[in-house]
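Student: coords please:
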Amino acid sequence: MAAARSAPNRKNMLKKIVAPTLIIHGEDDQLVNVNGGKEIKKHIRHAKFVTFKGMGHNMPIELLKKFLTLISQNIAEGENFDSTK
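Tutor: Prediction:
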């Protein structure tokens, strides 16, 4: 992530991603502003952006089940993914 953020052509790099991408962000993240996650989503064609209220940069163990559910759903959707669309 840090390399992509510092690269001068990061938008072009992000636009090359064709796989279904899940961006999970804490609304109270002090390291990466939530707007940074939203900006990344704009440049990845098949990205989903999900925020968690009250979460910072680290995932609280209480959210593990929600995280795993989101990730599992994203993987399942990707199994039938057609990158030409």
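Student: all strands of the protein, in order?
Tutor: Counting by DSSP state E, the chain has strands at residues 21-26, 47-52.
Student: redo those as CSV? Include mean neighbour count and distance to Met59.
Tutor: The C-beta positions use only the backbone N, C-alpha and C, and glycine is treated the same way. Formatted as CSV, the strands of the chain follow (neighbours: other CB atoms under 10 Å; distance: least, CB to CB, whole Å):
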stretch, mean neighbour count, distance to Met59
strand 21-26, 18, 8
strand 47-52, 16, 8
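Student: the ones you listed into JSON lines, with extra columns for mean pLDDT?
Tutor: Putting these into JSON lines (pLDDT from 0 to 100) gives the following:
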{"stretch": "strand 21-26", "mean pLDDT": "93"}
{"stretch": "strand 47-52", "mean pLDDT": "94"}
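Student: distance to Lys15 added to those strands, as JSON lines?
Tutor: As requested, the strands of the chain are exported to JSON lines (distance: least, CB to CB, whole Å):
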{"stretch": "strand 21-26", "distance to Lys15": "12"}
{"stretch": "strand 47-52", "distance to Lys15": "11"}
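Student: Ser83 is nearest to which of those?
Tutor: The closest of the strands of the chain to Ser83 is strand 21-26. By CB to CB, the value is 11.7 Å.
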